[in-house]
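> compute the structure for the input listed below.
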Amino acid sequence: MKKTSVVLFASVVLLALFACPKVTAQSAGSKTYKIGDTGPGGGIVFYDKGFTEGGWRYLEAAPAGKEFAAIWGPRDTNVAGTETKVGSGKRNTELIVAALGENGKAAKLCASLNFNGRNDWFLPSRDELDLMYNSLARVGLGNFLSGAYWSSSQVGGNYPNVAWAQRFSDGSQSNVHLQEFTLLVRAVRAF
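Sure, this is the predicted structure:
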């Protein structure tokens, strides 16, 4: 009977620990942001997924003064594992930097950015870049230029020398940009 009571008590304790929401300093007292607000990195908030998961809820774009032009990488370079979805830009950037490790390239420049006390910037994925265009540039926020911006997403398959880019003049996305072309770059960060 004692053994059954101990097992029952332990089960109730474990159930209570996993069933109760965890309150952390971040979730209990963090500021909420709206699209267009200045984020903690000094950039412009362009995405709110509505909840914190994977250590982040928002994406912010670096301010226009931190924008630059760069090549993506050398021709015919295939960086395996890049993705297009929202939330993949940081990992894509890590993969690109690990594979290329070259200074002066788009992903490395984003990863090396240290602005407003933050050094966790990255090259956005294709879908993150599209959100930046639709949430900011289309409504006149962010002082974006009308040229094409690099994403961290490679096209893949039979196109090892092609990465996704997006024109901020009309929002069109293109997979015909050879990686050695110089395009615009706007770093982002998740928080």
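
> could you report the neighbour count for Asp37?
15 (other C-beta atoms under 10 Å). Bear in mind the C-beta positions are built from the backbone N, C-alpha and C, glycine included.

> might one say that it is in contact with Val45?
Yes - here Asp37 reaches Val45: they are 4.7 Å apart, a contact under C-beta atoms under 8 Å.

> could you point out the helix or strand that follows the helix or strand bottoming out on mean pLDDT in the chain?
For the chain, counting by mean pLDDT, DSSP states H and E, helix 25-29 ranks last in confidence among helices and strands (a mean of 36). Elements were assigned by DSSP states H and E; along the chain past helix 25-29, the next helix or strand is strand 44-53.

> helices or strands next to the helix or strand following that following strand in the packing?
Per DSSP H and E, the first helix or strand lying C-terminal to strand 44-53 is strand 56-61. Applying 3 or more C-beta pairs under 8 Å, 6 or more residues apart in numbering; DSSP states H and E, we find strand 56-61 packed against strand 44-53, helix 126-135, strand 188-190.

> buried residues, the second one. List them.
Neighbour-count burial for helix 126-135, with 16 or more other C-beta atoms under 10 Å as criterion, is recorded at Arg126, Asp127, Glu128, Leu129, Asp130, Leu131, Met132, Tyr133, Ser135.

> the first one now?
Neighbour-count burial for strand 44-53 flags Ile44, Val45, Phe46, Tyr47 (criterion: 16+ other C-beta under 10 Å).

> much appreciated, bye for now.
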